[in-house]
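K.L.:
I would like to see how this sequence folds:
(chains A, B, C and D)
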2 protein chains.
Amino acid sequence: MNRIAALPQSLTRADEAFDCLQTAIVKGDLAPGEKIGEVELCARFNLTRGPLREALGRLESRGLLVRRPHAGVKVVSVSAEELMELYRIREVMEGLAARQAAERMTDQEIADLQATLDAHETMIEEAHGQAYYQAEGDYDFHHRIATGSRNAKLAQMLLGDLYYMVRMYRYRLSTSSGRPHRALGEHRRIVEAIAQRDGELAEFLMKRHINAARQNIERKITEGEISF
Amino acid sequence: MNRIAALPQSLTRADEAFDCLQTAIVKGDLAPGEKIGEVELCARFNLTRGPLREALGRLESRGLLVRRPHAGVKVVSVSAEELMELYRIREVMEGLAARQAAERMTDQEIADLQATLDAHETMIEEAHGQAYYQAEGDYDFHHRIATGSRNAKLAQMLLGDLYYMVRMYRYRLSTSSGRPHRALGEHRRIVEAIAQRDGELAEFLMKRHINAARQNIERKITEGEISF
DNA sequence: CAGGTCATTATTGTTGACAATAACGGTCGT
DNA sequence: ACGACCGTTATTGTCAACAATAATGACCTG
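P.N.:
Residues are numbered from 1 along each chain as shown, chains lettered A, B, ... in the order given. Model (predicted):
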């Protein structure tokens, strides 16, 4: 009986390398613009150049790395304007995700989503200004909406492409003081719309939510609270 | 004087392999679902397994290939429903592209765009039912809008991810008899809105245009004109 | 002294061979 | 005869050495 047993543990080295590199880039261990050599990376992650190169190719294809032939690779550095553009893309794509989620999520999934919001609320109260939990909670929320859309490609593009680039800046972009509570309220209203199976409303609210987040960051940039 | 001279010709073998594989998949030379061995691919494109594997990784990361460890790679096969989902993503993303294009394209670019529409019109008249030119012209049109949005990531996602998957089916999806003319008319109205710098209208028209294309395909599928 | 040219050198790109894993076919047992 | 188990085999994953290219520094020249 060869049960589907499946996939969990058949990690190839290239996959490991890909994950390691990706998290390293997102967490900022590899600074944007930093020129990094292949051999140095090999030593750092204890693997050979073969799998590493494969992972590098994947990262480049996803836009987290830029690679000029014979000149090495460097972590992509996205300007403030480009970050704003990312949020504009998120706005329309997550709006679509919210609409489809309202139409397709199971009742159980919606209940779970509401439960996570409760958890986020307690996390925010306990955190008291520490924005870290809010960032994680926010990620969790949007992650569930994306998968709940039942649109495989949409989820892949959001989770696999956009979020990683946004998260690169989440780690140094502490959300402003009052924003976590406001964001949580916006999340609740979106889930409410989903629970009522009101796709149009869910889309509208999600777009406004992300637009608000974008404007929040834009304001901080113009106020010089953030360095690019 | 080392002019920026630049990029055109520094193609690495992995890049070649990537392009070859991609076009082969899009043109249907590699049938969806077909299980293909690495060595066979090497012989087919005259290269070694190193660069090939690198290209394979990139293709997998873009969703054109699926690869199970130690089990080989196979071309992704997208169902009718998934194709519809792709069009829903296109709808919102290209809507955004059209809006930003209306705000950001130069007058010269708009003039060029109008000129290409004229060229498409003559092509359609000359083609007389041959849908091939329409498909190419349509691709050209959407390509220009995407780049005209001045949103690098948006253009990358549209041109690098979505279009290739859609084009996989363009080659066997001949557009219906009257559709080319209708599509051209829709294109003209979109460009008109862009020329008037009316972003909202351009977005609305583009979304409606893609929605119409989606419904057109959906109808053909339900009518059984198409095999999946 | 400044600018350019050339050789050096380090890094990347590529290749072929080696090892590990999973699929496949045959055999055995029930 | 059907099902499960096991050995074989082919394919994939990995590795280390080779070759080619571009960046770096010194040297020469105007």
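K.L.:
residues in chain A within reach of chain B, list them.
P.N.:
Residues of chain A lying close to chain B (CB under 8 Å from any CB of the partner chain) are A:7, A:10-12, A:14, A:50, A:53-55, A:57-58, A:60-63, A:68-70, A:82, A:85-86, A:88-89, A:91-93, A:95-96, A:100, A:151-154, A:156-157, A:161-162, A:165. Where you see a C-beta, it was placed from the backbone N, CA and C, and this is true even at glycine.
K.L.:
where are the low-confidence patches of chain A?
P.N.:
A:1-10, A:128-133, A:171-178, A:225-228 (pLDDT under 70).
K.L.:
Can you classify the residue nearest to residue A:32 when sequence neighbours are not counted by secondary structure?
P.N.:
Excluding the flanking residues, the one nearest residue A:32 by CB to CB, 6 or more residues apart in numbering or on different chains is residue A:77, at 3.6 Å. Under DSSP: H, G, I helix; E, B strand; the rest coil, the three-state class of residue A:77 is coil.
K.L.:
ok, back up a step: buried members of the residues of chain A next to chain B into PyMOL, please.
P.N.:
To isolate the buried ones among these in PyMOL, judged by 16 or more other CB atoms under 10 Å in any protein chain shown, type:
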select buried, chain A and resi 14+53+54+55+57+58+60+61+62+63+85+86+88+89+91+92+93+95+96+100+151+153+154+157+161+162+165
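K.L.:
So which of the residues of chain A next to chain B sit within helices?
P.N.:
Among the residues of chain A next to chain B, the residues falling in helices (DSSP state H) are A:14, A:50, A:53-55, A:57-58, A:60-62, A:82, A:85-86, A:88-89, A:91-93, A:95-96, A:100, A:152-154, A:156-157, A:165.
K.L.:
What segments of chain A are strands?
P.N.:
Using DSSP state E, the strands of chain A run over A:35-36, A:65-68, A:72-75.
K.L.:
right, so of those, which gets closest to residue B:127?
P.N.:
Closest approach to residue B:127 among the strands of chain A (CB to CB): strand A:65-68, 40.2 Å.
K.L.:
Name the surrounding residues that touch that closest one.
P.N.:
Here strand A:65-68 makes contact (CB atoms under 8 Å, 6 or more residues apart in numbering or on different chains) with A:25, A:56, A:59, A:60, A:73, A:74, A:75, A:76, B:10.
K.L.:
Out of those, which comes closest to DNA strand D?
P.N.:
Distance to DNA strand D, by CB to the nearest atom of the strand, is smallest for residue B:10 among the contacts of strand A:65-68, at 4.8 Å.
K.L.:
What distance do you get for the residue nearest the centre of chain A to residue B:124?
P.N.:
In chain A, the residue lying closest to the centroid (CA atoms, centre = their mean) is residue A:163, at 2.4 Å. Residue A:163 is 41 Å from residue B:124, where distance means CB to CB, to the nearest Å.
K.L.:
again, but for residue A:80
P.N.:
43 Å.
K.L.:
neighbour count winner among these two?
P.N.:
More crowded of residue A:80 and residue B:124, by other CB atoms under 10 Å in any protein chain shown: residue B:124, with 19 against 14.
K.L.:
For the residue nearest to that one when sequence neighbours are not counted, grab the count of nearby residues.
P.N.:
With CB to CB, 6+ apart as the measure, residue B:180 is the residue that lies nearest to residue B:124, at 5.0 Å, once sequence neighbours are left out. Using other CB under 10 Å, residue B:180 has 24 neighbouring residues.
K.L.:
At the contact with DNA strand C, which residues of chain A appear?
P.N.:
A:10, A:36-39, A:49-50, A:53, A:67, A:69-73 (CB under 7 Å from any atom of the strand).
K.L.:
The same query, at a cut-off of 6 Å, please.
P.N.:
Applying CB under 6 Å from any atom of the strand, one finds that chain A approaches DNA strand C through A:10, A:37, A:38, A:39, A:49, A:53, A:67, A:69, A:70, A:72.
K.L.:
Need the nearest residue in space to whichever residue of chain A sits closest to DNA strand D, chain neighbours excluded.
P.N.:
For chain A, the residue closest to DNA strand D is residue A:13, as judged by CB to the nearest atom of the strand, at 2.9 Å. What sits nearest to residue A:13 in space, not counting adjacent residues and going by CB to CB, 6+ apart, is residue A:51, at 4.0 Å.
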